[in-house]
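A.B. asks: Okay, predicted coordinates and the sequence, questions at the end:
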Amino acid sequence: MKNKSVCAVIVSYNRKELLVNCIDAVLSQTKKVDKIFIIDNKSTDGTFEYLKSKNILDEASMIKEDISEDQLIEQKLLNNSNEEIKVSYIRKALNDGGAGGFYRGMKLAYDEGFEWIWLMDDDGLPKNSQLENLVNYSTKYQIDFSNALVLDIDEPKKLSFDLRTYNYVEDIVENDIIEGDINPFNGTLLKRSLVHDIGFLKKEMFIWGDEAEYIHRAKKANKKLATIVKAIHYHPKARTVKSPIIPFLNFFKINIKEQREEIYYRNKGYIAKNYFKFKIYKDYIKYGLYYSFRLKFKDLVKVYKAYYKGIKNDFN
């Protein structure tokens, strides 16, 4: 594999139109991507047939439903410069969440020897110069784990996710990079040596926290992380709900999940145990107060049980 070769990994589930837009954006990059892995987490919205209708997959391609193994379809597409790009479409036999999808894509790219692994969800859009800026600035500043600047796709002057104290693009004072703070996996570039040294994503986490765990693991290994300011990724605004611990007092807020909350709190427990042991007591107190003030004691028991599973590394 040639030096500085780049493989793109797009993880998708039930967003076929957005997936096609994302693929088109990857093919439109000013720096050629050498291969694209499309990881389909067993979508149920007709993604496979839609990709065929858009000539991303060959019309003669076939998959079988309800099987026990992942299915692979390989072919080639042309980018905007009329260069051939290898594409591998992996239809998962099991939907194991974003964490499982990115794990699969990372491992495939690593095993094939790529120097850089470029990661994104299907609902994001990389600006056409994103990859070029990610590679150039990561090389210039010797960054192991870099990320594009993630902007709200509906209001591009705003950031989609928390990034230090910044809320608007115009607030950013750094010239090239924001060191130590990133928003994976939205236009995220991993150096091969990083994956070699710290391993792959913890796929058992499923969703919510897998990216944070990987950040903490990289920092623990003294790897350099940074957001590349000129590398732009458009993405819907973050939907995390922050609520005050004490009702009607808008300070001391915490993140609350109301769907699949057991996964979220389990993953928080795992991260706290492995990287911030002092946070275990703080989290127990904060969530204990939150649910107690609202007289939601059954919910509190559920949160504590899930959190404890994470502490015990119980992902069954």
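C.D. replies: Okay, I see it.
A.B. asks: Hmm, Cys22 is touching Leu119, no?
C.D. replies: No - if you go by C-beta atoms under 8 Å, Cys22 and Leu119 don't touch, sitting 11.7 Å apart. The way it works is simple: take the backbone N, C-alpha and C, and place the C-beta from them, glycine included.
A.B. asks: The two: which is more packed in?
C.D. replies: Leu119 (26 against 23; other C-beta atoms under 10 Å).
A.B. asks: For the more buried one, what is the enclosing helix or strand?
C.D. replies: Assigned by DSSP states H and E, Leu119 falls within strand 116-121.
A.B. asks: pLDDT averaged over that strand - what is it?
C.D. replies: Mean pLDDT, computed over strand 116-121, is 98.
A.B. asks: The residue lying closest to Gln29 once chain neighbours are set aside: neighbouring residues, count only.
C.D. replies: Take Gln29 and drop its neighbours on the chain: the residue closest to it by C-beta to C-beta, 6 or more residues apart in numbering is Leu131, 4.6 Å away. Residues contacting Leu131 under the criterion other C-beta under 10 Å number 24.
A.B. asks: List the contacts of Leu131.
C.D. replies: Counting by C-beta atoms under 8 Å, 6 or more residues apart in numbering, Leu131 touches 6, 8, 29-31, 33, 118, 189, 231.
A.B. asks: tell me the two of those that are most distant?
C.D. replies: Thr30 and Leu189 (14.9 Å; C-beta to C-beta).
A.B. asks: which of those two has more neighbours?
C.D. replies: Neighbours per residue, other C-beta under 10 Å: of Thr30 and Leu189, the larger number sits with Leu189, 27 against 13.
A.B. asks: What strands flank the strand or helix carrying the more buried one, and is each parallel or antiparallel?
C.D. replies: In the assignment (DSSP H and E), Leu189 maps to strand 186-191. Partner strands and pairing direction for strand 186-191 (DSSP bridges) are strand 116-121 (antiparallel), strand 145-152 (antiparallel).
A.B. asks: Now do the buried residues in the strand holding Leu119.
C.D. replies: For strand 116-121, burial by neighbour count (16 or more other C-beta atoms under 10 Å) applies to 116-121.
A.B. asks: Residues contacting it, please?
C.D. replies: Strand 116-121 is contacted by residues 4-12, 22, 33, 98, 102, 105-106, 109-110, 126, 131, 134-135, 138, 184-192, 195, 233, 235 when judged by C-beta under 8 Å, 6+ apart.
A.B. asks: again, only using 7 Å
C.D. replies: Strand 116-121 has contacts (C-beta atoms under 7 Å, 6 or more residues apart in numbering) with 4, 6-11, 22, 33, 98, 102, 105-106, 109-110, 126, 131, 135, 185-192, 195.
A.B. asks: contacting residues for Ala221?
C.D. replies: 197-198.
A.B. asks: how close does it sit to Lys242?
C.D. replies: Per C-beta to C-beta, to the nearest Å, Ala221 is found 30 Å from Lys242.
A.B. asks: What's opposite Asn186 in the beta bridge?
C.D. replies: Bridge pairing for Asn186 - DSSP bridges - gives Met120.
A.B. asks: Could you verify my assumption that it touches Asp152?
C.D. replies: No - using C-beta atoms under 7 Å, Asn186 is not in contact with Asp152; the gap is 11.6 Å.
A.B. asks: Give me the more crowded residue out of these two.
C.D. replies: Asn186 (24 against 18).
A.B. asks: who are the neighbours in contact with that one?
C.D. replies: Neighbouring residues of Asn186 by C-beta under 7 Å, 6+ apart: 120-121, 124, 148, 150, 233, 235.
A.B. asks: Which pair in these has the greatest spatial separation?
C.D. replies: Going by C-beta to C-beta, the pair spanning the contacts of Asn186 furthest: Asp121 and Ala148, at 12.4 Å.
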